[in-house]
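Undergrad: Sharing a model prediction with you, sequence too.
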Amino acid sequence: MARNKPPSQRQLKAGELIRRALADIINRESFRDSDLQGVSVTISEVRASPDLKHAIVYAAPLGGGDAEAVIAALQRAGRFLRGRLGMEMETKFTPRLKFEVDRTFETASDMADLLNDPHIKQDLG
């Protein structure tokens, strides 16, 4: 994706369809990988490339946990997930999936902590 160009409506729609389908697949399937067994995974966002052949999937384990291990396990299961995704979606291409840790929850928590700092509160008040 171009750095300064916002995603098109087509990309946004495809990303949301992929996100929902992947969330259902991950919730429904049982994985052999020990890093995915018994772990609830949150798929927060999917960014599709302009040609819809690639997608970056932002995910994190629900309730904390080893996010890096979960992302590595999802990456290992990527071909399987792509195959399942192809069966559920009615698109010309099934995108290649790249999984990345979603850090938005950490960032929001850090911002909340920062805003609750007494020195910052006095400046805001």
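TA: Noted; the coordinates are in hand. Numbering: from 1, shown residues only.

Undergrad: can we go C-alpha only for contacts and neighbour counts from here?
TA: OK.

Undergrad: show me what contacts residue 25?
TA: Shown in contact with residue 25 (Cα atoms under 8 Å, 6 or more residues apart in numbering): 81, 84, 85.

Undergrad: Dead centre of the protein: give me the residue that sits there.
TA: For the chain, the residue nearest the mean C-alpha position is residue 58 (2.1 Å; Cα atoms, centre = their mean).

Undergrad: What separation do you get for that one and residue 13?
TA: 16 Å (Cα to Cα, to the nearest Å).

Undergrad: Residue 119 too?
TA: 43 Å.

Undergrad: what about the two, which has more around it?
TA: Each of residue 119 and residue 13 has its neighbours counted (other Cα atoms under 10 Å); residue 13 has more, 15 against 10.

Undergrad: Please, where are all the strands along the protein?
TA: 41-48, 54-61, 96-101 (DSSP state E).

Undergrad: per-residue confidence averaged over the shortest one?
TA: Read it as strand 96-101. Strand 96-101 shows a mean pLDDT of 96.

Undergrad: If you count neighbours, what's buried in it?
TA: The neighbour-count check on strand 96-101 (16 or more other Cα atoms under 10 Å) flags 96, 97, 98, 99, 100, 101 as buried.

Undergrad: Test my guess that the second one contacts residue 54.
TA: Pointing back at residue 97 there. Yes - using Cα atoms under 8 Å, residue 97 is in contact with residue 54, at 6.1 Å.

Undergrad: how many neighbours does the nearest residue to residue 53 once chain neighbours are set aside have?
TA: Nearest residue to residue 53 in three dimensions, chain neighbours excluded: residue 95, at 4.2 Å (Cα to Cα, 6 or more residues apart in numbering). For residue 95, the count of nearby residues is 21 (other Cα under 10 Å).

Undergrad: do residue 122 as well
TA: 9.

Undergrad: distance between stretch 114-125 and the chain's centre?
TA: Remark: stretch 114-125 is offset 32 Å from the chain centroid, using Cα atoms, centre = their mean, to the nearest Å.
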